[in-house]
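Novice: Provided below for reference: sequence and predicted model.
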Amino acid sequence: MRKPPATAQSLIADLGLQDALQQDLIESAFAFKAPRHFIAQIQTADAEDPLLKQILPIQAENHSPEGYLTDPVGDHLKNPQPALIHKYHGRVLLIASPKCDIHCRYCFRRHFPYESHANQRHWQKALATISNDRTLHEVILSGGDPMSLSENALLKLCQQIETIEQITTLRVHTRTPVVAPDKAAQNQWLAWTRETRLNVVMVVHSNHGNELSKETGELFSRYRQAGVTLLNQSVLLKGVNDSIEILEELSHKLFAQGILPYYLHQLDKVSGASHFEVEDRLALNLHEQLRQRLPGYLVPKLVREIAGEPYKTPLIP
Ligand code: SF4
């Protein structure tokens, strides 16, 4: 397996793309980062590779048209205390980790001030608040990526959540199993999911069928055997997955690995990601074609997150 390059420059050199892409690379505060497994799925000598496009910091990021913001989904408006984001009725999001195994250039939290949110001290206060709120039934672990925590830290956090009587469901939003399945294979955590009274739901974030490999298939099979419900959400990204063939293949590949397509998100308008935007007209057209080609259970809901709204807004009412 290819060694993970430390920089975007060394990656494009390894891929034989120096001449094609060197001039377009930029330095970014949201630095280049990608794990070994993800890198290994990228084709050599293909400047249009859909996985490569998700991780390369390029000049287009310096273009931030009107409407592109550092907090496009209003996280700060719904952040009652560090580590907690409470937007929707009955469920609350806990920022479990300040880190991810990969830096996706379209990430809506690329400007989020994680340093003042995701540590053990914040968790304890957040868990106390969750315990005292009888309206909650679901805790969502997010980040950063919760699976980037050490196994011990993740397990401890989940066990603490399990002690909160009114919580029935633990949901984990993560891209680690897709981009670094070797890191996400956590035996003790899987043993816990087999035994826990909680419903454990994992929402994996895969955007393209090329991200799903033999290794991810083996990992998801272990999750399923441990009783974890597997769903996927994708972001519709220009130049990455804005074609019917790619979206159709993604749904089939997800299902082959035991995962149901859940959401197809329109891009959150975060500063630095405008080059990924797909127009609503095309998004609706692609979704209509998916409905024509796939059984209903393989068609993700096409949605957009609008700051302040009480749920994700469907593009098709
Ligand atoms: S893994 Fe998720 S949270 Fe992390 S950079 Fe990618 S999109 Fe953002």
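Specialist: Cool, got the structure. Since the structure is predicted, the reported quantities are computational estimates derived from the model, not experimental observations.
Novice: which parts of the stretch 51-200 of the chain are helices?
Specialist: 120-131, 151-162, 176-179, 181-184, 187-195 (DSSP state H, counting those that start in this stretch).
Novice: measure the residue lying closest to Arg110 once chain neighbours are set aside to the ligand for me?
Specialist: Nearest residue to Arg110 in three dimensions, chain neighbours excluded: Phe30, at 4.6 Å (Cβ to Cβ, 6 or more residues apart in numbering). Where you see a C-beta, it was placed from the backbone N, CA and C, and this is true even at glycine. The gap separating Phe30 from the ligand is 8 Å, by Cβ to the nearest ligand atom, to the nearest Å.
Novice: now do Glu245
Specialist: From Glu245 to the ligand the distance is 24 Å (Cβ to the nearest ligand atom).
Novice: neighbours of that residue, just the number please.
Specialist: 11 (other Cβ atoms under 10 Å).
Novice: and it, helix, strand or coil?
Specialist: What DSSP: H, G, I helix; E, B strand; the rest coil gives for Glu245 is helix.
Novice: report the contact partners of it.
Specialist: Under the criterion of Cβ atoms under 8 Å, 6 or more residues apart in numbering, Glu245 has no neighbours.
Novice: sorry, back to before: so of the helices of the stretch 51-200 of the chain, which one's packed in deepest?
Specialist: Counting by mean count of other Cβ atoms under 10 Å, helix 176-179 has the highest mean neighbour count of the helices of the stretch 51-200 of the chain, with a mean of 28.
Novice: and it, what does it pack against?
Specialist: Contacts defined by 3 or more Cβ pairs under 8 Å, 6 or more residues apart in numbering; DSSP states H and E place helix 176-179 against helix 36-40, helix 181-184, strand 199-204, helix 214-225.
Novice: buried set for the longest one?
Specialist: Read it as helix 214-225. Residues 215-216, 219-220, 222-223 are the ones in helix 214-225 that count as buried (16 or more other Cβ atoms under 10 Å).
Novice: one more: the first one?
Specialist: Residues 36-39 are the ones in helix 36-40 that count as buried (16+ other Cβ under 10 Å).
Novice: ditto for the third one
Specialist: By neighbour count with 16+ other Cβ under 10 Å, strand 199-204 contains the buried residues 199-204.
Novice: what residues does the stretch 1-150 of the chain have near the ligand?
Specialist: Residues of the stretch 1-150 of the chain lying close to the ligand by Cβ under 6 Å from any ligand atom are 100, 102-104, 107, 109, 143-145.
Novice: hmm, 8 Å instead?
Specialist: 100-104, 106-110, 142-145 (Cβ under 8 Å from any ligand atom).
Novice: so, low pLDDT: which residues of the protein?
Specialist: Applying pLDDT under 70 to the chain flags the ranges 1-3, 77, 114-118.
Novice: contact residues of the stretch 201-317 of the chain facing the ligand?
Specialist: 205, 235.
Novice: what about the closest residue to Asp145 other than its chain neighbours, distance to Val179?
Specialist: Leaving aside its chain neighbours, Asp145 sits nearest to Cys100 (4.3 Å; criterion: Cβ to Cβ, 6+ apart). Taking Cβ to Cβ, to the nearest Å as the measure, Cys100 falls 9 Å from Val179.
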